[in-house]
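Asks: sequence first, predicted model second:
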Amino acid sequence: QANESIDYYLEDVKQLPELLYNSNQVIEVLRKDTYQNKSSLLQDRFIVNSYLTRTYINGESDVLGAFILSKNRLFESSKIPYSGFGEDMLPFGQDLELKGKQSFLLPSQVPLTFEGNPPYILLMRQITDTENRMNLGTMFIAVDLSFMSNIVENLETVNHADLSLLSEEGQIIYHTDAEKIGLMEEEFQKYPVINGSFRTTGEKENTLISISRSGPDGWVLLHSVLLKNLTERTDLVRN
C-alpha cells in the first residue's frame, strides 16, 4: 500500500509540467530565440517567473522550486533560497535525448541545494511545442520528500521499524533516519531479487527485511525491523 501511495503521488508530480501549456503567454516567451534589448528579456522573465510562482510555488505545497532552461535563458521560482542551479545545469537543459519524455534526478546527480538541505527529487521534463513539435526547453520541478513521512508514518512507528526508498543502484532516496538520505545502502546488492521478506543472520542482531521492487522508476521500498522487536510480545507469552 505504501508503494502504491508513493507511485500515485509521483504520477501526479509527473503531470505538473502540463500546467505550463495553460498559459499561451508563457509558451510564446519560450518560442522566442532572440531579443532586441535587455528590457524585453527582463519583461519576459517576469512573465514566466510570475506564472511559475502562481502555479507551482503557491499552488503546490510540496514543490520547493520550479525552473526552466530555454535557449540559454533561466526562468525560476523557489519557495526557499537555493544555490547551484545555473550554468552547471546546462548539460541537462540541452539534453535532446529526452525526446519529450521525463525522468527523476537525485540530489547527488545535480549541484542544486536548498536552504536547510531538505531531501528532494528533481523531475526533469522536456517542453515540446504542441504546434510544431519543436523543443522549447527543459523544465525542472524540485519536490520535497516530506510527503513520504505521511505515507510511511504508520509503518515506522509499529515495532520501531526503519523504512527506506532506494534507487536501483542502492542509493537512499528517503529514510526514516534523515541522516542516511543520500548514502548508499551497503548491503543492498547482496539482497535477493524478490518481492517479499527474508531474515538476516549473522553477528549483528537478526532482522526481518521486506522488499517491494514494484515501485516507481525502478525504485525499491525497503522495510526493516529487528526480530526481537517483532516477537517481543510472543516471547513474553512463551516465557
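Replies: Looks like it came in fine. Residues are numbered from 1 along each chain as shown.

Asks: neighbours around the closest residue to Ser197 other than its chain neighbours, how many?
Replies: Distances taken as C-beta to C-beta, 6 or more residues apart in numbering place Ser210 nearest to Ser197, at 4.4 Å, with adjacent residues excluded. Where C-beta positions appear, they are placed from N, C-alpha and C, glycine not excepted. If you count neighbours by other C-beta atoms under 10 Å, Ser210 ends up with 17.

Asks: show me where pLDDT drops low in the chain?
Replies: Counting by pLDDT under 70, the chain shows low-confidence ranges at 36, 86-101, 153-159, 203, 214-216.

Asks: longest helix anywhere in this structure?
Replies: helix 38-52 (DSSP state H).

Asks: so for this protein, the centremost residue is which one?
Replies: Ile121 (2.2 Å; C-alpha atoms, centre = their mean).

Asks: hmm, back to that, distance between the longest helix of the chain and the chain's centre?
Replies: 27 Å (C-alpha atoms, centre = their mean, to the nearest Å).

Asks: hmm, back to that, please report phi then psi for the residue nearest to the centre of the chain.
Replies: When read as degrees, to the nearest 10, the backbone of Ile121 gives phi -120, psi 150.

Asks: circling back: give the contact list for the residue nearest to Ser197.
Replies: 196-197, 222-224 (C-beta atoms under 8 Å, 6 or more residues apart in numbering).

Asks: can you point out the buried residues in the longest helix of the chain?
Replies: Neighbour-count burial for helix 38-52, counted by 16 or more other C-beta atoms under 10 Å, picks out 44, 47-49, 51-52.

Asks: circling back: inside helices: which ones of the contacts of Ser210?
Replies: Short answer: the contacts of Ser210 have none in helices (DSSP H).

Asks: farthest-separated two in the residues you listed?
Replies: Gly196 and Ser224 (13.8 Å; C-beta to C-beta).

Asks: which of the two has more neighbours?
Replies: Neighbour count, other C-beta under 10 Å: between Gly196 and Ser224, Ser224 has more, with 16 against 10.

Asks: for that one, which non-adjacent residue is closest in space?
Replies: Here the residue nearest Ser224, using C-beta to C-beta, 6+ apart, is Asp162, at 4.6 Å.

Asks: before we move on, back to that, show residues contacting the longest helix of the chain.
Replies: Residues contacting helix 38-52 (C-beta under 8 Å, 6+ apart): 20, 23, 25-26, 29-30, 32, 35, 66, 68, 73, 75-77.

Asks: from those residues, which two are the most distant?
Replies: Top of the distance list for these (C-beta to C-beta): Tyr35 and Ala66, 22.4 Å.

Asks: neighbour count: the two, which is higher?
Replies: Legend: neighbour count by other C-beta under 10 Å for Tyr35 and Ala66, higher for Ala66 (28 against 13).

Asks: and that one, how far is that from Val26?
Replies: 12 Å (C-beta to C-beta, to the nearest Å).

Asks: just to revisit the earlier point, just the buried residues of the host helix or strand of the residue nearest to Ser197, please?
Replies: Take DSSP states H and E as the rule and Ser210 turns out to sit in strand 207-212. Neighbour counts over strand 207-212 (16+ other C-beta under 10 Å) mark 207-212 as buried.

Asks: which one among these gets closest to Asn58?
Replies: Ser212 (34.4 Å).

Asks: who is the closest one paired with across the strands?
Replies: Leu221 (DSSP bridges).

Asks: that one against Trp219, yeah?
Replies: No - using C-beta atoms under 8 Å, Ser212 makes no contact with Trp219, being 9.5 Å away.
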